[in-house]
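Peer 1: Here's a sequence, model it:
(one chain, ligands or ions: 1)
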Amino acid sequence: MTTTFGRLLLLACATAVMLLGGCGGDGREAAGPAPAGDIFARVMQAKKVRIGVKADTPPFGVKKGEYYSGFDIDIAQALAHQMGIDDVEFVPVTSATRSDQLVAGEVDMVIASMTITRYRMRRVDFSIPYFQDGQSLLVKTASPIQTYQDLGGRSVGAVKGSTTQFYMRQISPDAKVVLFADFKALLAGLEAGDVDAISSDQVILLGLRKNSGHPADLRIAGARFTTEPYGVAVPQNQSRWRNAIDVALMELWENRRWHTIAETWFGAGAPYEMEIPFSMTPVPR
Ligand code: GLU
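Peer 2: The predicted structure is shown next:
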């Protein structure tokens, strides 16, 4: 027999189903109808996803001809595969344009050496971290600069729209920050002597050095001085989409696909052999 309270509860549930698309009384989330513009529904139905990636940021995303390669590219492919998506379209982004391209709907997610910051969270949402690095400096080998403490009165290059732009003002207020459109221009600026140093995430700086064609002329100056957890950026208010990405990232960690990709790029004998200070703690199933 249904009590008055039970009837009220049923009514409340029915209303919630209509209004909110779910009333999971058994502790599971009931799947509601897909709201308009639901990226999860569209991508999963079409089995096609557009991912914003870097084209000039070794070893994360580099484009040669039509072909993309890099750690982020491999993570993007593996992530899509894990989600059952066969068709991946890569769209080039830069540090300065990636959030705008995401908000404009040009891409469904961004996997582009992008640090999760609270400031960026005002415009875009992020997955859980899938990588971590920190910023340091790249200088000419003969430079007197040894650490960021030597930057006072000198010029330091940063990529427009990158975290470097903001950190430099805090850690070395007397340095002159010069902005470059992308990483290719940043390296060219250092090579041409337009700036005394360039700053970014250390793995990226090592990537630029390695790809410069003259690595012996360039060196890293000092240890990492920031923490940069990388996340997959998605448009705001797409929680089904973001949750699906989070789950797939955790699965890539659990099934060790993440480790295989990391080994390929950073393991013993790999092109960028180094310690990666990252570990993921997947949440319970
Ligand atoms: N991870 C830093 C950032 O998100 C620097 C690298 C980049 O801009 O892609 O700003």
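Peer 1: contacts, neighbours, all on C-alpha from now
Peer 2: Will do.
Peer 1: Residues of the chain that sit close to the ligand?
Peer 2: Taking Cα under 6 Å from any ligand atom as the measure of proximity, the chain contacts the ligand at 95, 112, 113, 114, 115, 162, 163, 200, 201, 228.
Peer 1: from these, which ones fall inside strands?
Peer 2: 200, 201, 228 (DSSP state E).
Peer 1: Can I get the buried part of the residues you listed as one ChimeraX selection?
Peer 2: Of those, the buried ones go into a single ChimeraX selection, burial set by 16 or more other Cα atoms under 10 Å:
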select :200,201,228
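Peer 1: Tell me where the model's unsure across the protein.
Peer 2: 1-36 (pLDDT under 70).
Peer 1: surely residue 209 meets residue 203?
Peer 2: No: with contact defined as Cα atoms under 8 Å, residue 209 does not count as touching residue 203 (9.8 Å).
Peer 1: Which residue ranges of the stretch 101-250 of the chain form strands?
Peer 2: For the stretch 101-250 of the chain, strands defined by DSSP state E, counting those that start in this stretch occupy the ranges 109-110, 125-126, 131-133, 135-140, 155-159, 176-180, 197-201, 218-221, 228-230, 233-234.
Peer 1: and the longest one, what other elements does it pack with?
Peer 2: Yep, that's strand 135-140 we're talking about. Of the remaining helices and strands, those touching strand 135-140 by 3 or more Cα pairs under 8 Å, 6 or more residues apart in numbering; DSSP states H and E are helix 183-191, strand 197-201, helix 202-211, strand 218-221.
Peer 1: separation between residue 219 and residue 162?
Peer 2: Remark: distance between residue 219 and residue 162 (Cα to Cα, to the nearest Å) = 21 Å.
Peer 1: With residue 213 instead?
Peer 2: Applying Cα to Cα to residue 213 and residue 162 gives a distance of 25 Å.
Peer 1: Who has more neighbours out of these two?
Peer 2: residue 162 (19 against 9; other Cα atoms under 10 Å).
Peer 1: give the contact list for the more buried one.
Peer 2: Contacts for residue 162 (Cα atoms under 8 Å, 6 or more residues apart in numbering) come out as 95, 96.
Peer 1: Give me the phi and psi angles of it.
Peer 2: Torsion angles at residue 162 (phi, psi; degrees, to the nearest 10) stand at phi -90, psi 160.
Peer 1: which ones are touching the nearest residue to residue 54 once chain neighbours are set aside?
Peer 2: Counting by Cα to Cα, 6 or more residues apart in numbering, the nearest residue to residue 54 once its immediate chain neighbours are dropped is residue 61, at 4.5 Å. Residue 61 makes contact with 53, 54, 55, 68, 69, 70, 71, 72, 73, 112 under the criterion Cα under 8 Å, 6+ apart.
Peer 1: Pull the residues that contact stretch 274-285.
Peer 2: 129, 130, 131, 132, 133, 250, 253, 254, 266, 267, 268.
Peer 1: Now for residue 193, how many residues are close by?
Peer 2: 12.
Peer 1: who's the residue nearest to residue 165 when sequence neighbours are not counted bridged to?
Peer 2: The spatial neighbour of residue 165 that comes closest, neighbours along the chain excluded (Cα to Cα, 6+ apart), is residue 158 at 5.8 Å. The residues listed as beta-bridge partners of residue 158 by DSSP bridges are residue 179.
Peer 1: For residue 228, give me its contacts.
Peer 2: 115, 116, 132, 133, 134, 135, 201.
Peer 1: Need the residues that contact stretch 187-195.
Peer 2: 139-140, 154-157, 178, 180, 196-198, 208, 212.
Peer 1: got it, and stretch 131-148?
Peer 2: For stretch 131-148, contacts defined as Cα under 8 Å, 6+ apart pick out 151, 164, 171-172, 190-191, 196-203, 205, 216-231, 276-279.
Peer 1: Recalculate using a threshold of 6 Å.
Peer 2: Contact with stretch 131-148 is made by 197-202, 217-222, 224-230, 278, as judged by Cα atoms under 6 Å, 6 or more residues apart in numbering.
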